[in-house]
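K.L.:
Generate coordinates for the sequence data below:
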Amino acid sequence: MWQDMRTRIDDRLGDPIWWNEVLQLAKTVLAAVIAWVVADSLLDLPQPFLAPWAALLVVHATVYRTFSRGAQQVAATFVAVLLATGVGEAFGLTTASIALLLVVALVLGALPWLGIEATTIATTGLVVLTTGFEDDVVLVSRLVDTAIGVAVGLAVNVLVWPPLRRSTAVEAMDRIDDAIGELLVDIAGGLGDGCQDEDVRAWIDRTRDLDGDLDRAWGLVRQAQESARMNPRRSARSLRDPQEWHGLLRRMEQAVAEARSLARTLGGQSAHRETWGPQFADAWIEMLADAGRAASAADPEAMDDVRRRLTTLSDDLRATERSAEWPVYGALIINLRNIVDAMSQVAAANPLGGNRLPLRLPSRAVRAE
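P.N.:
Down below sits the predicted model:
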């Protein structure tokens, strides 16, 4: 039990995706605290709560998004203050005026540039209307509070290790090629043991899970590309147009689609291996397992070896007498060939630079010393 827990902790400590999330959380808290100290202790503003609130909203996963959302945040706050002042002066603080303010705020939020700040306009306007719209000093202080929060959020996100989502995207892609390899090995093992219909369904479900992982990886690659915009770090240049990553993700998408097709072909056969000739069954299942291990190990030479063996198998089968299973043989050979072709490029591109962090719990021997 302790060993399992230790393994999970070590995996988490070495996971760059998790550390990116921890760093982002710490920077968000730091920005909010600094904004509060500046607004409350240094400037002694009457209601400084908007400063940390704005800082929380403006610290995002990329520097570019922090700048763009910061500009939107400032604009939304100005709109909210002006709207609350106008509604308050015209109708006072009543239920009808609150309803009117919320309706107008949400309508303004439908504008393309302010759409994502609709809630900010509504909530800020509601706070201004209910806590004092007649005092010009309070209104100005709210704008100053927000400006402080936005400025501090920008400064913290740019100056304190500006986020560059390279490791996060690389780790996500590495996990996918490992999972593809594990799936191929499991299919080969299942065929060797005599698979059942539920095994085939489980394999197909795993390909659907991989589709979801690929969607998330695409999102992380786009985020990594965005993180390079307006980022002062020198290593950001290579991420501004990551065409290599796009190609690798497309190849993994093809491999997953071929694995699903392969599983469906197996599911269409009631007897599976029992109906195949030994010349095909033993060789093809062995190559399927070898391709899976090569994908997980990112071994392009092993992939090339599987491709050569697959070509030899195909030539040998063409030289023998045709059987009723030839359509199945052909489909499975094509599926595996396409998987090998796609994953060979992925294996050749490794390592992508997403090595795990060398962080582990100390061993018992070290603790004893």
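K.L.:
can we go C-alpha only for contacts and neighbour counts from here?
P.N.:
Fine.
K.L.:
can you map out the strands along the stretch 51-200 of the chain?
P.N.:
Read by DSSP state E, counting those that start in this stretch, the stretch 51-200 of the chain holds no strands at all.
K.L.:
low-confidence ranges in it?
P.N.:
In the predicted model of the stretch 51-200 of the chain, residues 61-64, 112-117, 132-139, 161-166, 193-194 satisfy pLDDT under 70.
K.L.:
90 instead, please
P.N.:
51-98, 101-175, 177, 189-200 (pLDDT under 90).
K.L.:
mind listing the helices in it by residue range?
P.N.:
Using DSSP state H, counting those that start in this stretch, the helices of the stretch 51-200 of the chain run over 63-91, 95-108, 118-131, 136-159, 166-193, 197-227.
K.L.:
which helices and strands sit right next to the second one?
P.N.:
Identification of packing neighbours for helix 95-108 by 3 or more C-alpha pairs under 8 Å, 6 or more residues apart in numbering; DSSP states H and E yields helix 63-91, helix 118-131.
K.L.:
how about low-confidence regions in the stretch 251-369 of the chain?
P.N.:
Short version for the stretch 251-369 of the chain, where the test is pLDDT under 90: 264-282, 296-298, 313-331, 345-369.
K.L.:
if we go to 50?
P.N.:
Scanning the stretch 251-369 of the chain for pLDDT under 50 picks out 270-271, 354-369.
K.L.:
how about the helices and strands packed on helix 95-108 in JSON lines, adding distance to Gly330?
P.N.:
Formatted as JSON lines, the helices and strands packed on helix 95-108 follow (distance: least, C-alpha to C-alpha, whole Å):
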{"stretch": "helix 63-91", "distance to Gly330": "50"}
{"stretch": "helix 118-131", "distance to Gly330": "57"}
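K.L.:
So which of the ones you listed is nearest Gly149?
P.N.:
Minimum separation from Gly149 across those (C-alpha to C-alpha) falls at helix 63-91, 9.2 Å.
K.L.:
Sort out which residues of that closest one are buried, please.
P.N.:
63-67, 69-70, 72-74, 76-85, 87-88 (16 or more other C-alpha atoms under 10 Å).
K.L.:
Show me what that helix is packed against.
P.N.:
Against helix 63-91 (3+ C-alpha pairs under 8 Å, 6+ apart) you get helix 50-58, helix 95-108, helix 118-131, helix 136-159, helix 197-227.
K.L.:
hey, which of the ones you listed is tucked in deepest?
P.N.:
Ranked by mean neighbour count, the helices and strands packed on helix 63-91 are led by helix 50-58 with a mean of 26 (mean count of other C-alpha atoms under 10 Å).
K.L.:
how far off helix 118-131 does that helix point, in degrees?
P.N.:
Angle of helix 50-58 versus helix 118-131, following axes from the mean of the first three to the mean of the last three C-alpha atoms, to 10 degrees, is 170 degrees.
K.L.:
tell me which strands and helices helix 50-58 is in contact with?
P.N.:
Applying 3+ C-alpha pairs under 8 Å, 6+ apart, one finds that helix 50-58 contacts helix 16-37, helix 63-91, helix 136-159.
K.L.:
How far off centre is that helix?
P.N.:
In terms of C-alpha atoms, centre = their mean, to the nearest Å, the centre of helix 50-58 is found 25 Å from the chain centre.
K.L.:
So what does Asn47 look like in phi/psi?
P.N.:
Slight slip there: residue 47 is Gln, not Asn. With angles defined as degrees, to the nearest 10, Gln47 sits at phi -140, psi 80.
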